[in-house]
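> Provided below are the primary sequence and the corresponding predicted coordinates.
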Amino acid sequence: QVQLVESGGGLVQPGGSLRLSCAASGSIFSINTMGWYRQAPGEQRELVATIRNGGRTNYADSVKGRFTISRDNAKNTVYLQMNSLKPEDTAAYYCNADTVIRGTQGYRRLELWGQGTLVTVSS
């Protein structure tokens, strides 16, 4: 079974930092883009940041200069370092991965989502 498992969420004061991690496991042959999305209560899910296999990154304007996405390809893991957190960053954060998996009938592309980890920024 292939899956993404996230960790690192929690409660932090404004101006603080958190680091999220997301590890992919299972019969994964390769991973192209990995990313983080977030969804605040009553809002649609939105892109936070993505990173391609070669390291090219993309950020939402709202997090540029504060958040940094990185990945360890050997561990199939993506990270999100969040600094200078604001109350408006409060949301459930979801990991996403564009994978190719090995199945009983060969290889196929599969998009994975994590279960979500809650980040609350409040004093």
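Cool, got the structure.

> which residues of this structure score low on pLDDT?
Residue ranges of the chain with pLDDT under 70: none are present.

> mind listing the strands in it by residue range?
With DSSP state E as the criterion, the chain has strands at 3-7, 10-12, 18-25, 28-39, 46-51, 57-59, 67-72, 77-82, 91-103, 106-113, 117-121.

> so how far is residue 57 from residue 111?
19 Å (C-beta to C-beta, to the nearest Å). For every residue, glycine as well, the C-beta is placed using N, CA and C.

> most tightly surrounded among the strands of the chain?
strand 77-82 (a mean of 22; mean count of other C-beta atoms under 10 Å).

> Show me what that strand is packed up against.
Using 3 or more C-beta pairs under 8 Å, 6 or more residues apart in numbering; DSSP states H and E as the contact test, the elements touching strand 77-82 are strand 18-25, strand 28-39, strand 46-51, strand 67-72, strand 91-103.

> which one in the chain is furthest away from the centre?
residue 105 (29.1 Å; C-alpha atoms, centre = their mean).

> any idea how far that residue lies from residue 28?
For residue 105, the distance to residue 28 equals 16 Å [C-beta to C-beta].

> cool, and residue 82?
As defined by C-beta to C-beta, residue 82 lies at a distance of 26 Å from residue 28.

> returning to that earlier point: reformat the helices and strands packed on strand 77-82 as TSV; add distance to residue 115.
Output for these, formatted as TSV (distance: least, C-beta to C-beta, whole Å):
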stretch	distance to residue 115
strand 18-25	10
strand 28-39	13
strand 46-51	16
strand 67-72	19
strand 91-103	8
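
> Would you mind telling me which of the ones you listed is nearest residue 8?
Of all the helices and strands packed on strand 77-82, it is strand 18-25 that lies closest to residue 8, at 4.1 Å by C-beta to C-beta.
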